[in-house]
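1. Quick one: sequence and predicted model below, then my questions.
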Amino acid sequence: MSKRAVDMTFQAIYTLTDLRILLRETAPSHEFDANQKTQAQRLLENLERQVGSLKQEILK
Amino acid sequence: MRCGNGIEARQVDELFINIDPIQAGGRLTSDAMKAVIAYGDGYSVCDNCRKPNRLDYIAKPPIAEFHKDVAKWLNMDAVRTVPGARRGFQAVAHTYVKKGDPVLLTSLSHYTEFLAVEESGGVAREIPANEQKIITPDATAEKIETVKKEFGRAPVLAFIDHVDYQYGNMHDVVGIAKVAHQYDIPVLYNGAYTVGILPVDGKALGADFVVGSGHKSMAAPAPSGILAVTAEREKEVFRTTAIVGDVTKRQFGIKEPEMMGCTLMGVTLVGMMASFPHVKERTKHFDRELANHQIVMDALLSIEGTACLSEYPRKHTMTRINTIASFDKVAETHKKRGYYLQSALEEKGITGVIPGATKVWKFNTYGTTRKQAEHLARSFVEIARENGLAVKG
């Protein structure tokens, strides 16, 4: 286990936290406008990258 | 989904627009949520506590800097964090109020202000609100004179709520404080609904003490708040301990009795700190919040029989509304009785109105987006129409 794995765990939780805020801002319909869609896409891509790094660190 | 044994994960603000009157300003920012995740452990902020071992001296995380920043932001001289506004009231009352002392409150004061006075042995005397539910400087002067006649002396302290919890009305603190100071009465400014919501300049308001609520208005976890004081009052409220143990001869350095040593630790403090830059910024844009609130007010007032019990036009986003002649009429015959309104609102993704309330109720739109405000407005009108109520326009 490494500092990098710990960092990535926090990063992933924080990315999900930003997604949570997006859900709050768009409640109750959660219909995203163009900006929000771009933001969500960026967050999800970051999350995938962070989870990928975590897999590498933890399962190596 | 559960987050512990028997503890349902709370998703209220993700699934609904929450217009609960006391919850709106305390919703966490993204940064506060992240800080809560990192600092959830009990003594988490104490890792780098060094001599003189007091919370407000800790440099990492930057707690000391936060205290200075909050004081500057409120234009006061010293700040301590407290576990909720009520603990701020308590510290000030305990410092200045002795048994039998008269204390000035108002007919719209929060109950915790009364309890703070009671705990110190004080006697509550209320400035009455006028017909518009406003506390005025004239009524303050009149009440002080009445108290002087009754007690042979002026009140020892005055609690003034800038925006009261009952109507969300804004009171002339500057005028009231001016009157109180003419009698040498120190003024506690209760900013539970203003500090973190709109700009507050303690000295310009004439406050000797400014109390704010973290969980009500500063996007912070509960229980949290701040107590800010002028330099003149700092040595009194934030006096340091003088007690000595007779056996051990122990003394306790610079701990402050009114604060019971250290106050906020862990998530409450770090959550408040993480939200602070966002909170500072949002107070500059209160006009946007009022504009969103007006969208909802216009819709509600378009429903025949609905009346605003708060001052109008609105100066705050928390409002008391009377729907006895509108939504409550429907409740008389509806199969769900008074619960139909809450049920109908929830179907439209709205929560925060007291279940069963159709007569007089409060709501707060603070923090809603324009789109959410429009959804609220549309929903109230649709529910009215669906239930046969007349809507103007």
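-> Sure, I can see it.
2. Spit out the contact partners of the residue lying closest to B:Phe16 once chain neighbours are set aside.
-> For B:Phe16, ignoring the flanking residues on the chain, the nearest one in space by Cβ to Cβ, 6 or more residues apart in numbering or on different chains is B:Thr351 at 4.1 Å. Where C-beta positions appear, they are placed from N, C-alpha and C, glycine not excepted. When contacts are counted by Cβ atoms under 8 Å, 6 or more residues apart in numbering or on different chains, B:Thr351 is found next to B:Val12, B:Phe16, B:Ile17, B:Asn18, B:Ile19, B:Asp20, B:Gln342, B:Leu345.
3. Surely the fourth one is in contact with B:Glu346?
-> Okay, so that is B:Asn18. No. The pair formed by B:Asn18 and B:Glu346 falls short of the contact definition of Cβ atoms under 8 Å, at 11.2 Å.
4. More neighbours: which of the two?
-> Neighbours around B:Asn18 and B:Glu346, counted as other Cβ atoms under 10 Å in any protein chain shown, are more numerous at B:Asn18. The numbers are 21 against 16.
5. gap between that one and chain A?
-> Note on B:Asn18: its distance to chain A, by Cβ to the nearest Cβ, to the nearest Å, is 8 Å.
6. max-length helix in chain A?
-> Secondary structure assigned by DSSP state H gives helix A:34-59 as the longest helix of chain A.
7. near chain B at all, that one?
-> No. Contact of helix A:34-59 with chain B (Cβ under 8 Å from any Cβ of the partner chain) is absent, the minimum separation being 10.4 Å.
8. just stretch A:12-25 next, same as before
-> Yes. Contact of stretch A:12-25 with chain B is found when judged by Cβ under 8 Å from any Cβ, involving A:Ile13, A:Tyr14, A:Thr17, A:Asp18, A:Arg20, A:Ile21, A:Leu23, A:Arg24, A:Glu25.
9. what comes into contact with the helix or strand encompassing the second one?
-> What that stands for is A:Tyr14. When elements are defined using DSSP states H and E, A:Tyr14 is found to belong to helix A:3-25. Residues lying outside helix A:3-25 but in contact with it, judged by Cβ under 8 Å, 6+ apart, are A:30, A:32, A:36, A:39-40, A:43-44, A:46-47, A:50-51, A:53-54, A:57-58, B:13-14, B:27, B:29-30, B:33-34, B:37-38, B:369, B:372.
10. same thing with stretch B:61-74?
-> Stretch B:61-74 is contacted by residues B:39, B:45, B:55-59, B:77-81, B:195, B:200-202, B:210, B:212, B:226, B:228, B:269-270, B:272-273, B:276, B:280 when judged by Cβ under 8 Å, 6+ apart.
11. Check stretch B:279-290 too.
-> For stretch B:279-290, using Cβ under 8 Å, 6+ apart, the contacting residues are B:29, B:73, B:196-200, B:218-219, B:314-317, B:365-367.
12. The same query, at a cut-off of 6 Å, please.
-> Residues from elsewhere that reach stretch B:279-290, judged by Cβ atoms under 6 Å, 6 or more residues apart in numbering or on different chains: B:Gly196, B:Leu198, B:Pro199, B:Met218, B:Ala219, B:Thr317, B:Tyr366.
13. which of those residues count as buried?
-> Among these, those classed as buried by neighbour count (16 or more other Cβ atoms under 10 Å in any protein chain shown) are B:Gly196, B:Leu198, B:Met218, B:Ala219, B:Thr317, B:Tyr366.
14. Ignoring the adjacent residues along the chain, who's closest to the third one?
-> If the residues on either side of it in the chain are set aside, B:Met218 comes closest to B:Gly196, at 3.6 Å by Cβ to Cβ, 6+ apart.
15. Assess the claim that the one you found and B:Ser217 are in contact.
-> Yes. Counting by Cβ atoms under 6 Å, B:Gly196 sits close enough to B:Ser217 to count as a contact (3.9 Å).
16. re earlier: may I ask which of the residues of stretch A:12-25 next to chain B has the most neighbours?
-> Compared across the residues of stretch A:12-25 next to chain B, A:Arg24 has the highest neighbour count, 23 neighbours, by other Cβ under 10 Å.
17. I'd like the distance from it to B:Gly367, if you could.
-> Distance from A:Arg24 to B:Gly367, counting by Cβ to Cβ, to the nearest Å: 9 Å.
18. same check, this time on B:Val117
-> In this structure, B:Val117 and B:Gly367 are 32 Å apart, going by Cβ to Cβ.
19. So if I had to pick from the two, which one is more boxed in?
-> For B:Val117 versus B:Gly367, neighbours defined as other Cβ under 10 Å are more numerous around B:Val117 (26 against 23).
20. Quick check: nearest residue in space to B:Gly25, chain neighbours excluded?
-> Computed as Cβ to Cβ, 6+ apart, the closest residue to B:Gly25 that is not its neighbour in sequence is B:Ser217, at 3.8 Å.
21. Phi, psi for the one you found please.
-> Note on B:Ser217: backbone dihedrals following degrees, to the nearest 10 are phi -140, psi 0.
22. per-residue pLDDT, it?
-> Looking at B:Ser217, its pLDDT reads 98.
23. give me every residue that touches it.
-> When the contact criterion is Cβ under 6 Å, 6+ apart, the partners of B:Ser217 are B:Gly25, B:Val195, B:Gly196, B:Ile197.
24. try B:Arg337
-> B:Arg337 neighbours (Cβ under 6 Å, 6+ apart): B:Ala331.
25. near chain A, which residues of chain B?
-> For chain B, the residues in contact with chain A under the definition Cβ under 6 Å from any Cβ of the partner chain are B:Asp13, B:Glu14, B:Phe16, B:Ile17, B:Ser30, B:Met33, B:Lys34, B:Ile37, B:Gly349, B:Thr369.
26. Most neighbours out of those residues, which is it?
-> Of all the residues of chain B next to chain A, the highest neighbour tally under other Cβ under 10 Å goes to B:Ile17, namely 26 neighbours.
27. May I have the beta-bridge partners of that one?
-> When bridges are assigned using DSSP bridges, the partners listed for B:Ile17 are B:Ile350.
28. quick revisit: now the two most distant members of the contacts of stretch B:279-290.
-> Of all pairs drawn from the contacts of stretch B:279-290, the greatest distance, 16.1 Å, lies between B:Pro199 and B:Ala219 (Cβ to Cβ).
29. For B:Glu256, which non-adjacent residue is closest in space?
-> The shortest distance from B:Glu256 to any residue other than its chain neighbours is 5.2 Å, reached at B:Phe238 (Cβ to Cβ, 6+ apart).
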